[in-house]
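Colleague: have a look at this fold, sequence not included:
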């Protein structure tokens, strides 16, 4: 069967088998040939982090059928791998996106039909609270319905293991195999909500888990007195960007002692369209436009923003001229590493086997800071699931005591209560840092400058190209193939001193389609196809003797590399 024949066959199957609403959506397509191809040229990919896609009818879309099939596959995996014969259960959470409640309930009812108890949050919750709930409730797995910071037409489905971390390769591949064996219409079991609740297979949660999660976050504070001491003096502006972070972030900040928290009113409540921003992503400076306006009005010391599922946190601080600057994920991470380890050192509480974990595309600045405190640093592949995997390993072996984990894409975690990045604890830590250094007469920008002067002027950049559909997927593959087959020997007069091809399973890490080129002097750039979006990402990092030198090096490297990528 040719590709076109397979697309047509899938389309006809949906027209025949799907519900009337789905059939009507397919029949009403405008550019029918192109739309049918995009919706049916593949099944929505279920990778090691789950699946993510545009909401709509079709095999390559997020809908009740693709969610039901994924949930049936997860159910079959759990039942086949139940070595202890204990009752299986899955915790489920969701964010503020379109159809998130519906997709969550569908997953729960499919699980219940397979005899697996679903523990579902009664309303939207942060993704890290789901990670905590899996551990707290002793669940076999977890599901979060979210598309993180993607545009509003997207939604997604992430699967977590019993440790509270996103499923990694071996387990995820077994789940994928189960999903791929299923027919979307005839293989999925389902019961009604009334039947599931009546059988005790659908349980709802709220404050019972919230209270324990908030307590677990607050317990990680390395300096619990600082917020109570300066809570009236540190002014904080916060925007949840219409997402799940509103209540949890505010609650933690209030309970530890910060009383001057101003929430951006236009972005306070859930809004599936994210109507006040072009992108609900704290990595984007434009997402902070309203927050900065409010910050200027109230003379804020720090501005915070969290993404829709509240696992990423961005911060904005004032520079020496009083202007607000959005910190990069690497900069915020470096500040938090320095604050955390400084506070622990003052108490004599840095463990001898302490460890900070970061990803291979994260700046070396935080690593330099950690090592200056005598703390070991470990690299993982990109994705917080790999940081969580090492945390669980160290919890089991006792080899290291986990202190902090982070990635350049605004994801941070301290403490062992969860296994995913957490914007709630990141908000708490960076606000504590603002208070800690304000007591010393410094702003966070002052601290950042001091860290640069002490450890070197590290500068980083991320460039990406969005390449959608089958044509885009083919181009991303060709770009990676080209760089792999024709590696550069030099860049702007600097020799390429090392080529790291992570698809070969190097440095003891899992195989992944990532290429890293290290230049003479230590600068580097990395090419990586996104696992959740139709993008190829290129990461850059330099270390110079001044801001000007680092900026010049970064601009020159970016220009040459992107010219080849675009060509």
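Modeller: Cool, got the structure. Not measured: the values here are computed from a predicted model.

Colleague: so where's the stretch 51-200 of the chain shaky on pLDDT?
Modeller: The stretch 51-200 of the chain contains no residues with pLDDT under 70.

Colleague: can you check the chain too?
Modeller: Using pLDDT under 70, the chain drops low at 48.

Colleague: care to break it down by domain?
Modeller: 42-212, 231-455, 457-566 (automatic domain parsing).

Colleague: CSV for those domains, including distance to residue 224 and mean neighbour count?
Modeller: (Glycine included, C-beta is placed from N, CA and C.) Listed next are the domains of the chain as CSV, based on distance: least, C-beta to C-beta, whole Å; neighbours: other C-beta atoms under 10 Å:
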stretch, distance to residue 224, mean neighbour count
domain 42-212, 18, 21
domain 231-455, 7, 21
domain 457-566, 31, 16
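
Colleague: save the ones you listed as a markdown table, and put in distance to residue 23 too.
Modeller: Output for the domains of the chain, formatted as a markdown table (distance: least, C-beta to C-beta, whole Å):
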| stretch | distance to residue 23 |
| --- | --- |
| domain 42-212 | 8 |
| domain 231-455 | 24 |
| domain 457-566 | 23 |
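
Colleague: out of these, the one nearest residue 3 is which?
Modeller: Closest to residue 3 of these, according to C-beta to C-beta: domain 457-566, at 8.4 Å.

Colleague: longest helix anywhere in this structure?
Modeller: In the chain, with assignment by DSSP state H, the single longest helix is helix 547-566.

Colleague: now do that helix: distance to the chain's middle.
Modeller: 27 Å (C-alpha atoms, centre = their mean, to the nearest Å).

Colleague: ok, residues contacting that helix?
Modeller: Residues external to helix 547-566 that are found in contact with it (C-beta atoms under 8 Å, 6 or more residues apart in numbering): 452, 457-461, 463, 465, 479, 483, 491-492, 519, 523, 525, 527, 536, 538, 540, 542-544.

Colleague: which of these fall within strands?
Modeller: Mapping the contacts of helix 547-566 onto strands (DSSP state E) picks out 457-461, 463, 465, 491, 519, 525, 527, 536, 538, 540, 542-544.

Colleague: state the distance from residue 372 to residue 404.
Modeller: Plainly put, residue 372 is 14 Å away from residue 404 if you go by C-beta to C-beta, to the nearest Å.

Colleague: to clarify, my last question referred to residue 93.
Modeller: From residue 93 to residue 404 the distance is 24 Å (C-beta to C-beta).

Colleague: now residue 383
Modeller: Note on residue 383: its distance to residue 404, by C-beta to C-beta, is 17 Å.

Colleague: now residue 250
Modeller: 23 Å.

Colleague: got the contact list for residue 180?
Modeller: Taking C-beta under 8 Å, 6+ apart, one finds 43, 73 in contact with residue 180.

Colleague: distance check, it against residue 70.
Modeller: 11 Å.

Colleague: what's the overlap in contacts for those two?
Modeller: Joint contacts of residue 180 and residue 70 (C-beta under 8 Å, 6+ apart) do not exist.

Colleague: quick one: classify the nearest residue to residue 319 once chain neighbours are set aside as helix, strand or coil.
Modeller: Among residues not flanking residue 319 along the chain, residue 445 sits closest, at 4.8 Å (C-beta to C-beta, 6 or more residues apart in numbering). Assigned by DSSP: H, G, I helix; E, B strand; the rest coil, the conformation of residue 445 is helix.

Colleague: just checking, residue 445 touches residue 326?
Modeller: No - shown here, residue 445 and residue 326 do not form a contact pair, counting by C-beta atoms under 8 Å, at 11.5 Å.

Colleague: so what's the gap between stretch 515-533 and the chain middle?
Modeller: On C-alpha atoms, centre = their mean, the centre of stretch 515-533 falls 19 Å from the chain's centre.

Colleague: and the end-to-end length of that stretch?
Modeller: End-to-end distance for stretch 515-533, by C-alpha to C-alpha, to the nearest Å: 18 Å.

Colleague: with stretch 489-509 instead?
Modeller: Using C-alpha to C-alpha, one end of stretch 489-509 lies 25 Å from the other.

Colleague: could you do stretch 509-526 as well?
Modeller: Using C-alpha to C-alpha, the two ends of stretch 509-526 sit 16 Å apart.

Colleague: could you do stretch 519-539 as well?
Modeller: Across stretch 519-539, first to last residue, C-alpha to C-alpha, it's 14 Å.

Colleague: can you give the distance of that stretch from its chain's centre?
Modeller: Centre to centre, stretch against its chain (C-alpha atoms, centre = their mean), the figure for stretch 519-539 is 17 Å.

Colleague: before we move on, what about stretch 136-150?
Modeller: With C-alpha atoms, centre = their mean, you get 12 Å for stretch 136-150.

Colleague: before we move on, what about stretch 348-362?
Modeller: The answer for stretch 348-362 is 20 Å, by C-alpha atoms, centre = their mean.

Colleague: now residue 359. Nearest residue, chain neighbours left out?
Modeller: residue 407 (4.5 Å).

Colleague: next one: residue 541
Modeller: Using C-beta to C-beta, 6+ apart, the closest residue to residue 541 is residue 460 (4.7 Å).

Colleague: how about the contacts made by that neighbour?
Modeller: Contacts of residue 460 by C-beta under 8 Å, 6+ apart are 328, 330, 363, 408, 539-542, 554.

Colleague: please redo it, this time with the cut-off set to 10 Å
Modeller: Neighbour list for residue 460: 328-331, 361-365, 408, 524, 539-543, 550, 554 [criterion: C-beta atoms under 10 Å, 6 or more residues apart in numbering].

Colleague: would you check that the residue nearest to residue 359 makes contact with residue 332?
Modeller: No - contact status for residue 407 versus residue 332: not in contact, 11.2 Å apart, counting by C-beta atoms under 10 Å.
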